[in-house]
Structures are given as C-alpha cells and as structure tokens.
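Trainee: What follows is a predicted structure for the sequence shown.
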Amino acid sequence: MKGSYVLLIQLPEEQTVTIGSLQALHFPGGYYAYVGSAMSGFEARIRRHLRSNKKRHWHIDYLLEKASITGVILYETNDRAECTIAQALDHQFESVPGFGCSDCKCRSHLFFANEASQLVMVIVRIYIHGIAFATASTSLHKIAPARVFLTGAITNDPCPHCS
Ligand SMILES: [Zn+2]
C-alpha cells in the first residue's frame, strides 16, 4: 500500500527546535499535522517516523525528537497527493513556513492547531468527501478514501498480546 499520509503530532509544551537547513524555529505547544508521501510503501515510512534514535534526515525528524505521533491517516493513491492535501490544510490552518517542502512549491507541509479536534475534523472531511471539499478550487482531483488510525499514542513497541 502506497500513497500520501498525514501524521497527527502532539507537542506537549512549546519548544525551540533547530531544524537542519532551516534556522531555530519556535513551536507553540499544541497539535500539528505533517503531510508526506510514501510512494514505495507506507509501512517502512511510518515505522521510520515512529522510531526514535534515527539519523535525522527530514525536517520532521527534528520535530519528532520533541513531540509524539498521536495519529496516522493514510491516503492510498498512485500519484503523489501530498501537495494537494497540504494546500487544502493551508487554507484553514497556520503553517510553519518552509517546513517539509524543500522539493515543492507549497508554503509548508506542517500545520498547527490548538486542539487536535480541529485538525482531525478537516482531515476526516478529506477522508469522507475527497480533497475537493476542503478547498475552493474545482481543479483538484478527489483523493481516494483514506484509512484513519487515531489512538491515544502510537508507539513502535511490540504488541503485548502478540508476543
Ligand atoms: Zn508540497
């Protein structure tokens, strides 16, 4: 399974994080949505996001050292849909300029809200209605239904029931 995904991220308290090629950035405490694509498969990519102690490569790696992933939404697509999703979120949320978008023309791939529910509501709307619902543009294609995983906390620990 491949496509684009959104990570829901909780940052319990404000942090200043120095992010690779960007400068030191201030992140208010709250919830973030990060949009990415995994065109060679979700599993390895999501596992990587969940793993701690990894070599930092993407902007998001730096933030995840201070924050935790509380949800993952997978949009199964054959095309990279991440920028379409990012632009839909950009209409409704504050963003961290330049974050996660070194390879594209988006303003950002990281969005902020005070409450998780604000982000979840929009992401679930995209899930149900496709991306066109979330934007004014008529030219955007509808993204295939997503699979939504929301939990209190996602960890990479082995399942206690399976081992
Ligand atoms: Zn983009």
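Mentor: Cool, the structure landed.
Trainee: switch to C-alpha atoms for all contacts and neighbour counts from now on
Mentor: Noted.
Trainee: what does stretch 3-13 rub up against?
Mentor: Stretch 3-13 has contacts (C-alpha atoms under 8 Å, 6 or more residues apart in numbering) with 28-39, 41-42, 66-82, 116.
Trainee: Quick one, which of those are buried?
Mentor: Neighbour-count burial (16 or more other C-alpha atoms under 10 Å) is assigned, among these, to 28-39, 42, 67-77, 80-82, 116.
Trainee: Just the ones of these in strands?
Mentor: 30-38, 68-76 (DSSP state E).
Trainee: if you skip the residues just before and after it, what's nearest to the residue in the chain that the ion sits nearest to?
Mentor: Nearest residue of the chain to the ion: C83, at 3.7 Å (C-alpha to the ion). Of all residues not flanking C83 in the chain, C106 sits nearest, at 6.7 Å (C-alpha to C-alpha, 6 or more residues apart in numbering).
Trainee: residue contacts, the one you found?
Mentor: Shown in contact with C106 (C-alpha under 8 Å, 6+ apart): 83, 86-87, 98.
Trainee: For Y62, what is the enclosing helix or strand?
Mentor: Using DSSP states H and E, Y62 maps to helix 59-64.
Trainee: show me what contacts the residue nearest to the spatial centre of the chain?
Mentor: By C-alpha atoms, centre = their mean, the chain has its centre lying nearest to Y34, at 2.3 Å. By C-alpha under 8 Å, 6+ apart, the contact set of Y34 is 6-9, 60, 109-111.
Trainee: what pLDDT does it get?
Mentor: You'll see Y34 listed with a pLDDT of 95.
Trainee: For it, name its beta-bridge partners.
Mentor: Beta bridges link Y34 to L7, L110, judged by DSSP bridges.
Trainee: before we move on, what about F27?
Mentor: Under DSSP bridges, the beta-bridge partners of F27 are Q15.
Trainee: is it true that it touches T16?
Mentor: Yes. Proximity of F27 to T16 meets the contact threshold set by C-alpha atoms under 8 Å, at 6.0 Å.
Trainee: Per-residue pLDDT of the residue of the chain closest to the ion, please?
Mentor: 90.
Trainee: From F27, how far off is the nearest residue to K66 once chain neighbours are set aside?
Mentor: Spatial nearest neighbour of K66, excluding adjacent residues (C-alpha to C-alpha, 6+ apart): L11 at 7.0 Å. L11 sits at a distance of 8 Å from F27 (criterion: C-alpha to C-alpha, to the nearest Å).
Trainee: what number of residues lie near the residue nearest to K66?
Mentor: 18 (other C-alpha atoms under 10 Å).
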